[in-house]
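**Q** Fold the following for me, if possible:
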Amino acid sequence: MIANDVGAAKAGYGPYVDPISADVSGGGGLARALRNVRTIIALGRLGKLLPAAKQGGVEHIVLLSTAGE
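**A** Prediction:
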C-alpha cells in the first residue's frame, strides 16, 4: 500500500497490508513504486494510476467506491 500516512494505514488495516511511503511526484515515479505489485485496491479516483499500473506490470485493480454519501 502506498500511503501518505504510514502510521494511520497500519492502524487502519493492521497486519493485512504493508504500507509504504513513496515519492511518486517525478516522471515514472508511480510506475516504479508499483513494480512487483500484483494487486491494487484503489479508493476513489484512478487518475494517473491506470497507465502507471500498466507500465508497472500490475495484474489486478480493485476499485472501491461509495454511493450516497
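
**Q** So which residues of this structure form helices?
**A** Applying DSSP state H to the chain gives helices spanning 6-13, 29-33, 49-56.

**Q** export the last one as PDB, just CAs?
**A** Just to be clear, that refers to helix 49-56. Backbone C-alpha positions of helix 49-56 (Å, rounded to 0.1, in the frame of the first residue of the first chain) are rendered in PDB as follows:
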ATOM      1  CA  LEU A  49      -3.000   5.200 -11.600                       C
ATOM      2  CA  LEU A  50      -4.200   3.200 -14.600                       C
ATOM      3  CA  PRO A  51      -1.400   4.000 -17.000                       C
ATOM      4  CA  ALA A  52       1.200   3.700 -14.200                       C
ATOM      5  CA  ALA A  53      -0.200   0.300 -13.200                       C
ATOM      6  CA  LYS A  54       0.000  -1.000 -16.700                       C
ATOM      7  CA  GLN A  55       3.600   0.300 -17.000                       C
ATOM      8  CA  GLY A  56       4.500  -1.200 -13.600                       C
END
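
**Q** tell me the mean pLDDT for that helix?
**A** Helix 49-56 shows a mean pLDDT of 88.

**Q** By mean pLDDT, flag the weakest helix or strand of the protein.
**A** helix 29-33 (a mean of 81; mean pLDDT, DSSP states H and E).

**Q** What helices and strands are in contact with it?
**A** Helix 29-33 sits against helix 49-56, with contacts defined as 3 or more Cβ pairs under 8 Å, 6 or more residues apart in numbering; DSSP states H and E. The C-beta positions use only the backbone N, C-alpha and C, and glycine is treated the same way.

**Q** how deep is Tyr13 tucked in, by neighbour count?
**A** 14 (other Cβ atoms under 10 Å).

**Q** next one: Gly12
**A** The number of residues near Gly12, taken as other Cβ under 10 Å, comes to 13.

**Q** And the pLDDT for it?
**A** pLDDT for Gly12: 85.
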